[in-house]
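**Q** fold the following, please.
(chains A and B)
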Amino acid sequence: MIKGVQSDIMPYLMPSIRAVFMRMDSKKLDNLQEIRMRAGKPLMAADGAFDLFVTADGELTGNIKDSYMVVQNEITKTIELMSENSVYAFQDEIKAGFLTLKGGHRVGLCGRVVFQDGQIRNIKDFNGINIRVAKEIKGCAMRVAGYIMKNNTEVYNTLIIGPPQCGKTTILRDAARLLSNGDLELDFKGLKIGIVDERSEIAACSKGIPQNDVGFRTDVMDSCPKALGMEMLLRSMSPHVIITDEIGTHGDGAAILKVLNSGVKIIASAHGYNISELKMREELLALIKAGTFERYIVLSSGEGPGTLEEVIDSQLSIIYRRCSPCL
Amino acid sequence: MLVKLIGAAVLIGATSVIGFSKAADCSRRPRTLRELQALLQMLENEISYLSNLLTEAFTRIYENSGVEAAILFKAAAQNLEAGGVTADTAWERAVDDNAPRLSLNKEDKSILATFGKMLGNSDLEGQLNNIRLVTSQLRLQEIKSEEMKKKNEKMYRSLGVLSGLAITIILF
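**A** Alright, predicted model coming up:
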């Protein structure tokens, strides 16, 4: 379960940085979306609209003069704490450039990469981290639910599209919960859901157990490569719907076709601002051309994260469009 | 006369106890060092094959071994569980707190402290190298302490008894 910045993230910060955030107003603290530390640069935090500096007193400010300066040691120690003092056990995650905290908060890492035999072996001398605060907003998928559900026992193959920080994963997570539990109000029967959670962001498993509410009828394959995970779920868990995050890398297309050929529905998300941008990506273009997805849901953060921009069907005709330009 | 005799007996008894406890100290140090090597071997297994987190590894080591030196791992695990401290601080604190109880001397302590500096903050290979390094250093310390033990154990014992006797004779 996501409990917020205070209990999920604070214990993993270096004491000196933690002290700064302790002084911050708790309401402000809970509103933070990102916390950034860069070696030798000011401590920064984003609360949605603005990327602000943090002062030693825990105030958010636009004035760089008062900001708290981060030193490299604070970053290194913070990473040690985040890996629960067991960097060796998180080597694979570090190699991929991120750690996931309990509660599904993603921590991005930057530093000097050790490259050997055509592969990244390690990242060392960390120079920056970005903590992305995960939000669990129950009910946030209700708005899009109508577009995803075909009738009371079926869903459309759906692709959720949006730029970073606009709530794709949050909506995907809530959609999983909604479809899995079913909903009396919408008269929707629950379906068996399989989640392939490659980056542990949707369900945020800790020692295998989902920390976020993803529904009763949901099976989670944690930190498993998407293509492999989909196949495994297909073979063994007999899901009605497979849900996965951020498709678009090589091999995803084939795996998705395999899923569809077995009569299982798919709900996925992809990075992008609109459909035409997705068409630039080979893997996705093939899927779009083949009419794989019956619904495209485009999100933006126009009116805060999770703003529904447009909904498009497989023929690429528009079903819904947000009405801001036609004032 | 009777009082004198009783006094003499008490005196000799007391010095003997001091002597014997000193001798016991001598033999505890090599034993601790030997135990530590075995425990570090367990740690190696915990983190390389079982890939357990450090706190969990420490706790398991403590629970699965009955030896006295395991209190180091217990204390370190408790310090880690208290939260907010990195592994090196937790380990150093555990060593400082328990060194007298385990009869570790200054040199042993500094070896263990150096080991702690690397604890948990590098990749698996680094961790294993660190464990092997400290194990070999502890091995040398053990050999040295065995020699010391041989030399001193008997001496402390006889010194205890004899000094008691000597004082008694002088006082008589």
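
**Q** can you tell me the SS state at residue 108?
**A** With no chain named, the answer covers chain A. strand (DSSP: H, G, I helix; E, B strand; the rest coil).

**Q** contacts only, for B:Leu80.
**A** Contact analysis of B:Leu80 by Cβ atoms under 8 Å, 6 or more residues apart in numbering or on different chains lists A:85, B:54-55, B:58, B:87, B:90. C-beta here means a position set from N, CA and C on the backbone, and glycine is covered the same way.

**Q** most neighbours of all the residues you listed, which one?
**A** B:Phe58 (31 neighbours; other Cβ atoms under 10 Å in any protein chain shown).

**Q** what about the contacts of B:Leu80, which are in helices?
**A** B:54-55, B:58, B:87, B:90 (DSSP state H).

**Q** could those residues go into JSON lines alongside pLDDT and distance to chain A?
**A** Listed next are the ones in helices among the contacts of B:Leu80 as JSON lines, based on pLDDT from 0 to 100; distance: Cβ to the nearest Cβ, whole Å:
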{"residue": "B:Leu54", "pLDDT": "89", "distance to chain A": "4"}
{"residue": "B:Thr55", "pLDDT": "89", "distance to chain A": "6"}
{"residue": "B:Phe58", "pLDDT": "92", "distance to chain A": "10"}
{"residue": "B:Ala87", "pLDDT": "88", "distance to chain A": "4"}
{"residue": "B:Ala90", "pLDDT": "91", "distance to chain A": "8"}
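
**Q** interface residues of chain A facing chain B?
**A** A:11, A:15, A:18, A:76-77, A:80-81, A:83-89, A:91, A:122 (Cβ under 8 Å from any Cβ of the partner chain).

**Q** which one of the residues you listed is nearest A:Gly58?
**A** The shortest approach to A:Gly58 among those belongs to A:Arg18, at 10.5 Å (Cβ to Cβ).

**Q** quick check: that closest one touching B:Gly84?
**A** Yes. Contact criterion Cβ atoms under 8 Å: A:Arg18 and B:Gly84 qualify, at 7.2 Å.

**Q** what touches both of the two?
**A** In contact with both A:Arg18 and B:Gly84: A:Pro11, using Cβ under 8 Å, 6+ apart.

**Q** and A:Ala203, how far is that from A:Lys124?
**A** Using Cβ to Cβ, to the nearest Å, we find A:Ala203 at a distance of 30 Å from A:Lys124.

**Q** my error: substitute A:Leu109 in the last question.
**A** Distance from A:Leu109 to A:Lys124, by Cβ to Cβ: 10 Å.

**Q** same deal with B:Tyr156?
**A** If you go by Cβ to Cβ, the gap between B:Tyr156 and A:Lys124 works out to 50 Å.

**Q** neighbour count: the two, which is higher?
**A** Neighbours per residue, other Cβ under 10 Å: of B:Tyr156 and A:Lys124, the larger number sits with B:Tyr156, 18 against 14.

**Q** host element of that one?
**A** For B:Tyr156, the host element (DSSP states H and E) is helix B:124-171.

**Q** residues touching the nearest residue to A:Leu287 once chain neighbours are set aside, list them.
**A** Nearest residue to A:Leu287 in three dimensions, chain neighbours excluded: A:Gly253, at 5.4 Å (Cβ to Cβ, 6 or more residues apart in numbering or on different chains). A:Gly253 is in contact with A:283-284, A:286-287, counting by Cβ under 8 Å, 6+ apart.

**Q** quick one: secondary structure of the residue nearest the centre of chain B?
**A** Taking Cα atoms, centre = their mean, the centroid of chain B lies closest to B:Leu102, which sits 3.0 Å from it. At B:Leu102 the chain is in coil, as set by three-state DSSP.

**Q** same question for A:Pro164.
**A** Going by three-state DSSP: A:Pro164 is coil.

**Q** also A:Asn127?
**A** strand.
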